[in-house]
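Novice: Need coordinates for the following:
(3 chains)
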Amino acid sequence: MSKLKMLPVKMLGGGAGFFAVTFLIYFFNLDMKFLAYCVEPILLWNYDRIPRKQYV
Amino acid sequence: MRDLKHLNWFENLLQEANNALIAQAKQEGKICVAFVCENTPEPLMNLGNAFGIRLHAPNTGSMDIATYYMTSFLCETSRALLERAIEGGFNFADCVIAPDGCTMINRCVENMELLKTMGEGNDRFFHEFMEIPLKADENGVELLVLQCKNHILKPLSENYGIDVSDASIRKAVGEHNRVCRVITEIGNFRKESRPRITGYEFHVLTLATYVMPQYLIIDKLEETLEEIKTREPEDREYRARIAVVGSEVDDSGFIKLIEETGAYVCADRFCFGSLPGRMEIELNDEEDALTQVCRHYVYNGHCPRMFNMEKVYGRKAYVNDIAKEYKADGIIYQQIKFCDPWAYERLLGSTMLREDYNYPVLSVDRPYNISSSVGQMRTRVQAFVESIEIKKLQGGAK
Amino acid sequence: MAIVVNDKKRKGEKRLGVLYDEGKVRRRREWRGLKDTLYDYGRWLYLLSILARVIVKPRNVKAMFRYRWFANYLAVPHMLDKFTIGLRDEPLRITHTAMDFVVKDVAQCIDNSIKGDRRTGNNVKYSDKCVLWDENAMTAVMMGFPTLNCILREVPTMFSANLLNQHSGMHYLDVAQQFGIPGDVCPMPEAELGVSIDDDFPVLGKCAVQVNTTCDGSLMGNGLIAKRLEREYGIPTFQLVAPMRHTQEDVQRYAANDVKAAIKFIEEQTGEKWDWNAYFECAKRVNNTTRNRVGWLEVNSTPYPQFVGAVFSLYNDTNYMGNCGRYPAFVDIDKKVMKLVQQGYKNKTMMAPEYRHRCIVWGVQPQYIIDMLYWMIQCWGVVPLTDMLSMVISEEIAEEDTPENREQAYYDMAWLTMNMIMRNHTHGGYKVLVDELWEYCEKMNADMVMMWEHMSCKALTGMHGQFEEQARERGINLVWVCHDLADPRVYTRQAIRDQFNQYMRTVMREEPLDPTIEVLPDEHAW
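Specialist: Okay, here's the model as predicted:
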């Protein structure tokens, strides 16, 4: 019973946590910073390694 | 070789867009129909009392005013023509017929119209813009017929009373074919291993047929043909035989430059060249002449803007055919600077001729007036000719 | 023109320069006041969910590591940040509603392309139901083939990619030039050819249709791309003609006949049959789109424009050209946008503290700084009322299924094809390019023209002098802003903005509304 009673609180807490984390990511643009500085260089490095059949 | 009797006469006439023969034809009361693209059926501009003149701008120097109107990125042909028009160099024209073929030439003529560069004091003067088929098919033939009716025949008839009947078209085609026959016969001498005419001389004669009233030069062309038949060829081997393919060459100096390196220009597959520009138009009696003329232009034209794949591949096969027929050792794909259609065609053509047909190919762009870039171009052509020679010596591919 | 002053105080950030540093992305996101920031945050989450739905599929992960253009899609949220700079209230919501749907549409296009791609998804059954369609063309002919998938593979590889990341086209331009294409041709078809040469297009489809619509460069690039499609991948191509002189009566039959030939080609290649019911359903939606666009333009003719800028253009491009009535979902988006536009107009919502000039944006927009239109509002109070690419058809096509309309439909499809965005003005003679501009200036009460001078667009620059002289005669302030469409090495973003800045300072003798964004350090940014 008490568990059920706690559920809305937990959900609220979880939601608040989710909001707090994602809003921080959103506001400080951490998603873009991560993709721009960590992911993109790896992808570009990878593209340069792929042998390609370049011709007209 | 001995100089051709009339070559100097032709060369002098080519120094001016408004040459003495145009003045003579005008004095005779004829109507000058100016045009700018080889997709415009030429015989239709030589109907009755009319004569067709392709606009060109020899000895072009500064193009500052045209560059203001169209910026420095437009092809030099379009800028050179606009500049000459603004200078009043085309005042002889009684009308201008421009197909909306390549964008830049279209814009060039539109500027001519907006700036009222021609037709002062002539109420009957007109500009007409035509649609040109983009594929070689019967739908395209039907379009060209309609376009010719609406934008050439109708205005010529209404404004100048030109006879545009079927009989008149047949007569014009007959005269057109006479010119084509002479040029083709002269051009055939280029197939000889020791040719009796240089590529430069041939270019001068061919260019003359586009920019001068044909009826005033046909006798001299025929006389020249007779002269060449008995002419003694040069007593030397050429270093390489070259087919030139690409944008229009209005400056014979370009052909001369190639030949000054010891090469021989044996075939001219460029806009307003003889291949296929001076191919005869065959007419039958079953169908009207206009449709047959249009069909000839749709199916035999090699404009890079024809973009159905049959034509795209066919253009390269045609270059291969003429290279074989005229025994070319190598091909120069040249493009007037800033020309979009030939920029792409040059890449595909040079690649296919090199890889699919095994020809050595030089791919270059060039200015309208070659004198502004002689050294650079000569170096590239010389290197190309040397590379062909080395291949020959080493017994490699062509 | 009378200055229109915003009587509402702006919430949140007032000086937008604080968001920028030298990096690839912004220092942080914009504070728009609590309500609008939370709205923007919600849309950010929604965008991430769209992207997640694509990348969660293994074939798309594989494609991400195979195709160079794929990496640009990391920048989707960044692009939305660019398009919403300084926006609040209805314009913010309009921009998100329209642009988020465009993102969804492109994401779908990527997903579909990869699904059928021989290298990654390799779903042969699906691929056999696909027709590769030229990106530089209307998709009108596909309106009667509801069971086929129309794949515009150049959209994700080149067109959209350059909106996301200014550097996206450079590699492909280098490849094309390395193979011999000169540097003076339009970078759009040149880069598309570069993608083909670099073997970086997804390979799928039963057949392909190319159109000559945009320009000589595009027309000519088709031949090279088709060669690879046909000879290496065995995908037959059809070349559909769109006459240049599209306003003339004597070209319509030619165009309509070729539409018939294209339909026949698709039927033969795919085994599918043309469906008139589907066609006329699409035609109704095309007309609905036309009515809405005309409605938005009417609002933009008032002192309180609502739906403007890059997103106005991009949404119209997508809906009019890429969609062409084929997806019912656009109808709902149109409705939502219309509601917001009317609400914003009623509330006299403005996007900046004041509007000093009403501007028509003409010419061809640079892909890599298309968001400059929002910058103009924020920095100088210049409102872009509309742009050349959005000024497409205003007449409706036949939408009832009758025997006469079935014949008319071929003419309508041809007419739509000829009136593709941009080319309906850049081609067809100077009247549609030059004269119509002055008519729009009058209709929309504009006192300024911002002329995107795409230096490699020969159709446009061929009229340079005429624009200049005629604007002078009419007393219209004409600002030349030169660029090279997709290559920021020729004109950097700041070099582009500087042309506008100089005009505003030296000719108009004005000071910026927000001086902190007059110069932005975004040369290295996505």
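Novice: which residues does C:Tyr327 contact?
Specialist: With contact set as C-beta atoms under 8 Å, 6 or more residues apart in numbering or on different chains, C:Tyr327 has these partners: C:Asp105. No exception for glycine: its C-beta is placed from N, CA and C like everyone else's.
Novice: pretty sure it is in a strand, no?
Specialist: No. Looking at C:Tyr327 with DSSP: H, G, I helix; E, B strand; the rest coil, it is coil, so not inside a strand.
Novice: Can you check the distance spanned by stretch C:485-499, start to finish?
Specialist: Using C-alpha to C-alpha, to the nearest Å, one end of stretch C:485-499 lies 15 Å from the other.
Novice: Find the nearest non-adjacent residue to the most centrally placed residue in chain C, please.
Specialist: In chain C, the centroid-proximal residue (C-alpha atoms, centre = their mean) is C:Leu314; its distance is 3.7 Å. Nearest non-adjacent residue to C:Leu314, counting by C-beta to C-beta, 6 or more residues apart in numbering or on different chains: C:Val102, 5.7 Å away.
Novice: just checking, what packs against the helix-or-strand element of chain A with minimal mean pLDDT?
Specialist: Lowest on mean pLDDT, DSSP states H and E among the helices and strands of chain A sits helix A:2-27, with a mean of 92. With contacts taken as 3 or more C-beta pairs under 8 Å, 6 or more residues apart in numbering or on different chains; DSSP states H and E, helix A:2-27 sits against helix C:34-55.
Novice: swap the cut-off to 6 Å and go again
Specialist: The contact analysis (3 or more C-beta pairs under 6 Å, 6 or more residues apart in numbering or on different chains; DSSP states H and E) places helix A:2-27 against no helix or strand.
Novice: Next, the buried residues of it.
Specialist: Across helix A:2-27, burial judged by 16 or more other C-beta atoms under 10 Å in any protein chain shown covers A:22-23, A:25-27.
Novice: Name the spans of chain B whose pLDDT lies under the cut-off.
Specialist: B:396-398 (pLDDT under 70).
Novice: middle-most residue in it, spatially?
Specialist: Short answer for chain B (C-alpha atoms, centre = their mean): B:Phe272, at 0.9 Å.
Novice: Tell me who's in contact with that residue.
Specialist: B:38, B:210, B:248 (C-beta atoms under 6 Å, 6 or more residues apart in numbering or on different chains).
Novice: and it, that one's in a strand?
Specialist: No. Per three-state DSSP, B:Phe272 lies outside any strand segment and is coil.
Novice: Which residue, other than its chain neighbours, is closest to it?
Specialist: B:Glu248 (4.8 Å).
Novice: right, and the one you found touches B:Cys271 too?
Specialist: Yes. In this structure B:Glu248 lies within contact range of B:Cys271 using C-beta atoms under 6 Å: 3.8 Å.
Novice: So B:Thr60 versus chain A, what's the distance?
Specialist: Distance from B:Thr60 to chain A, counting by C-beta to the nearest C-beta, to the nearest Å: 33 Å.
Novice: One more: C:Met422?
Specialist: 27 Å.
Novice: Done for today, thanks.
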